[in-house]
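Student: pasted the sequence and its predicted model underneath.
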Amino acid sequence: MIWTWDVIRRIIEVLWLINIAFAIWTVFRSRRNIASTWAWLLVLSVFPYIGFILYLFLGRHLSHDKIFAIQDEQKKIRDQFLSKQRDELRKHDLLPEKDRKPRARRLVELNLNNDDAILTYNNQVEVFTDGPTLFDNLVENINQAKEMIDVEFYTFYDDHLGNSVLAALEEAQKRGVKVRVIYDASGSRGTKPSFFNKLRDLGGQAQPFISTSSKYWFITPRMNYHLHRKVVVIDHRIGYIGGFNIGDQYVDRSQKFGHWRDTHLRVVGQAADLMEIRFAMDWNTSCRKTRLPKYNLGWLKDFKIQTADNNEQVPMQIVSSGPDSENAAIRRSYQEIIASSLDYVYIQTPYLIPEAPMLESLIIAAKSGIDVRIMVPCMADHAFVYRATEYYAKYLTENGVKVYKYDNGFIHAKTMVSDSNISSVGSANQDFRSYSLNFEVNSFNYSPELSAKLKAIFEEDLKKSTLMTNEYFKQQSAWRKFKQYFSRLLSPIL
C-alpha cells in the first residue's frame, strides 16, 4: 500500500467513525441522565483515546450486584421500624407544637416516603464551625467511650490530625471498646492499608468502602461512586455528622487553603442510632468483599419510636442518597425546602454545579421574592469545578439570586437554612456528583433554635464575603469566561 495523504485521511476518517460508534455504545449501554449522556458523548467524540481513559476513571457505573447488595442491606435493617413510624404519623402530628407547620410536615413526609428516614426526637445538638475545636471534642469523646466507636469518612489522611485521631482510636480499642473504621480509598489517597495495622492488631477493624479499593485500584480505576459521608457514632448515643474530614487542612494546617471553614454537628440522642444504622449498612455491604464480621445491630431491639415531649430538643431525620437509589433523596429535600420557603434560603457549598431541577428551584424562589443567598469559596481546589461554579454563579446572579464568595480561606460547609425552623447539615454539595454519583448523608432538622444558630453563622460569614454582582462577572477576561463556558459543558461529569 502506498501511504498517500488521501489514504491516511481515509484511515483517520474510519477510525474516527469507529470511535464515535464505540462512544455511543459505551455511553448508552448504561442508564444515566440526559445531561451526563451528552457530556460524555462530547468528551469521547472530541478527545479520542484520551476520552476513553477519562471514562474509565470517571464514567463507569457501579456494577449492579454491588448496587443491589447495598439496597438489600438497607431493606433488612430499616424496614422493621418504618411501619411503626407511619402508624404514628397517621395517628397524630409528631412534631412539637411550635414546629407544627405545613412546611415541616411536608418535608418529614417526603424524607420518610422517599428515603425511609425515621423522624427522631430527644436530640441535643451542638454546632461546630472550627476544625481544631471540633476534633478536640471528638477525641475527648473517643477517650471517654466505653462500648463502641464507628468512624466513617471520605478522607482519613496519614498526617498529623489523622495520626492523632487514630492514636485515640487505638487507645480506645486497648480499653476494650469496639472500634470500626470505613474510609474511601480514593478520598484518602496516600493513606496505605498498613496505616490501620496497629488498630487491627489490637482487635479493631478498618476497611475501604465497597466502591474503591486501595489495594486493587489498578484493576478497578474509578473516580466516581465514593463514600463521601462523614459520620462518627460513640456508645450508641453520640453522633457527629457534617462536612469535616480527617486531614490537616481541616484544622488550618494547609498553606494552600489557609483557614478552613466548615460545619459539623454533634448530636446526643436518638438520631445517633440512625447514624449507626447508616454505618452498619455501609459496613455490612463493604465486608462482603473483605470477609470481616458483619455489624451486629442486636441492640436495636430496644429502639422505640418516640414522640416529641420536650420543645428544647431537636427533631431530626438522617437522610442518605447515592447511586444505589434513584430517589435523589437529598436533592429532592433541598428542592422541597427551596420551593416551600416563605422568607429566605441561605446555602453554603464549596461546589455550585446544580442540576436543572435544582437550578430552576433557586431561580423560581428568587423571582418569587424569596431572599436566596448562596456562599461559595473564593479559591479553587479543582480548576474545572471552580470555573463551572463561576458559570452557574453568574447565571444565578443574572436571575436574582445573591451569590457571595467567602474571602477568609476555603469554605467547605454544606448547609441550608430556611425560614424559622428548617435546616440541613451534612456531606452533600450542590453539584451533580453529590446528587447522584457519591454516597452522601445529611441531617434534616426541625428546630427554630438550631435554624437561628445556622442563620447567625451564615450572617457572620457574610461579613467576610464579597457579593458577586453582574459587574463583577463583566470585568473578567475573555479567557476566563471561555473556561467557565467550557467547564459548564462538562459539569454533569465533574
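Tutor: Nice, thanks for sending it over.

Student: any idea how far Asn141 is from Val319?
Tutor: Distance, Val319 to Asn141, using Cβ to Cβ, to the nearest Å: 24 Å. The C-beta positions use only the backbone N, C-alpha and C, and glycine is treated the same way.

Student: report how many residues lie close to Ala456.
Tutor: When counting by other Cβ atoms under 10 Å, one arrives at 12 neighbours for Ala456.

Student: more crowded one of Val319 and Asn141?
Tutor: Remark: of Val319 and Asn141, Val319 carries more neighbours, 27 against 19, as counted by other Cβ under 10 Å.

Student: can you confirm that one is in a strand?
Tutor: Yes. In this structure, Val319 lies within a strand as judged by DSSP: H, G, I helix; E, B strand; the rest coil.

Student: I figured it hits Asp115, correct?
Tutor: Yes. Between Val319 and Asp115 there is a contact at 5.0 Å, judged by Cβ atoms under 8 Å.

Student: please identify every residue contacting each of these two.
Tutor: Common neighbours of Val319 and Asp115, using Cβ atoms under 8 Å, 6 or more residues apart in numbering, are Ala329.

Student: which stretches of the chain have low pLDDT?
Tutor: Under the criterion pLDDT under 70, the flagged ranges of the chain are 1-101, 211-224, 288-289, 298-312, 492-494.

Student: domain ranges for it, per the record?
Tutor: Domain ranges of the chain: 5-58, 64-81+122-314, 321-493, per automatic domain parsing.

Student: make TSV from those domains and add distance to Asn111 to it.
Tutor: Shown next, in TSV, are the domains of the chain (distance: least, Cβ to Cβ, whole Å):
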stretch	distance to Asn111
domain 5-58	22
domain 64-81+122-314	11
domain 321-493	6
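
Student: could you pull out the helices for the stretch 251-400 of the chain?
Tutor: With DSSP state H, counting those that start in this stretch, the ranges of helices along the stretch 251-400 of the chain come out as 271-290, 329-339, 356-367, 383-398.

Student: Phe128 bridge partners, please.
Tutor: Phe128 has these beta-bridge partners by DSSP bridges: His264.

Student: pretty sure it contacts Leu265?
Tutor: Yes. Look at Phe128 against Leu265 with Cβ under 8 Å: they come within range, at 7.4 Å.

Student: neighbour-wise, which of those two wins?
Tutor: Neighbours were counted for Phe128 and for Leu265 using other Cβ under 10 Å; Leu265 has more, 26 against 20.

Student: from Glu126, how far out is the more buried one?
Tutor: Separation of Leu265 from Glu126 (Cβ to Cβ): 7 Å.

Student: quick one: contacts for Asn143?
Tutor: Taking Cβ under 8 Å, 6+ apart, we find Asn143 in contact with 168, 171-172.

Student: mind checking which helix or strand it is in?
Tutor: Per DSSP states H and E, Asn143 falls inside helix 131-144.

Student: need the overlap of contacts for Phe128 and Leu265.
Tutor: Shared contacts of Phe128 and Leu265 (Cβ under 8 Å, 6+ apart): Gly242.

Student: now do the buried residues in the helix holding Asn143.
Tutor: Residues 131, 134-135, 137-139, 141-142 are the ones in helix 131-144 that count as buried (16 or more other Cβ atoms under 10 Å).

Student: again with stretch 421-428
Tutor: For stretch 421-428, the neighbour count (16+ other Cβ under 10 Å) marks 421-428 as buried.

Student: isn't Cys378 right up against Lys405?
Tutor: Yes. Under the criterion of Cβ under 8 Å, Cys378 makes contact with Lys405 at 4.3 Å.

Student: so for the two, which residues contact both of them?
Tutor: Between them, Cys378 and Lys405 share the contacting residues Thr466, judged by Cβ under 8 Å, 6+ apart.

Student: measure Phe486 to Trp479 for me?
Tutor: 11 Å.

Student: more neighbours: the two, which one.
Tutor: Phe486 (13 against 8).

Student: secondary structure element for that one, which one?
Tutor: Applying DSSP H and E, one finds Phe486 within helix 478-489.

Student: check the offset of that helix from the chain's centre.
Tutor: Using Cα atoms, centre = their mean, to the nearest Å, the distance from the centre of helix 478-489 to the centre of the chain it belongs to is 26 Å.

Student: again, but for stretch 346-353
Tutor: 12 Å.

Student: same thing with stretch 343-363?
Tutor: Centre to centre, stretch against its chain (Cα atoms, centre = their mean), the figure for stretch 343-363 is 15 Å.

Student: return it as CSV; C-alpha atoms alone will do.
Tutor: Output in CSV follows, covering the C-alpha atoms of stretch 343-363 (Å, rounded to 0.1, in the frame of the first residue of the first chain):
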residue,chain,number,x,y,z
ASP,A,343,-38.9,34.3,53.6
TYR,A,344,-35.3,33.2,52.9
VAL,A,345,-33.0,30.4,51.9
TYR,A,346,-29.3,30.5,52.9
ILE,A,347,-27.0,28.0,51.3
GLN,A,348,-23.3,27.3,51.8
THR,A,349,-21.5,24.9,49.4
PRO,A,350,-17.9,24.6,48.1
TYR,A,351,-19.2,23.5,44.6
LEU,A,352,-22.1,25.1,42.8
ILE,A,353,-23.0,23.0,39.8
PRO,A,354,-26.7,22.3,40.2
GLU,A,355,-28.8,20.0,38.1
ALA,A,356,-31.5,21.7,36.0
PRO,A,357,-34.4,21.0,38.6
MET,A,358,-32.3,22.5,41.4
LEU,A,359,-31.3,25.5,39.3
GLU,A,360,-34.9,26.2,38.4
SER,A,361,-36.0,25.9,42.0
LEU,A,362,-33.4,28.5,43.1
ILE,A,363,-34.4,30.9,40.3
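
Student: which parts of that stretch are buried?
Tutor: For stretch 343-363, burial by neighbour count (16+ other Cβ under 10 Å) applies to 344-355, 358-359, 361-363.

Student: give me the contacts around stretch 454-465.
Tutor: Here stretch 454-465 makes contact (Cβ under 8 Å, 6+ apart) with 127, 129, 261, 263, 346, 348, 373, 375, 404-408, 411, 415, 417, 423, 425.
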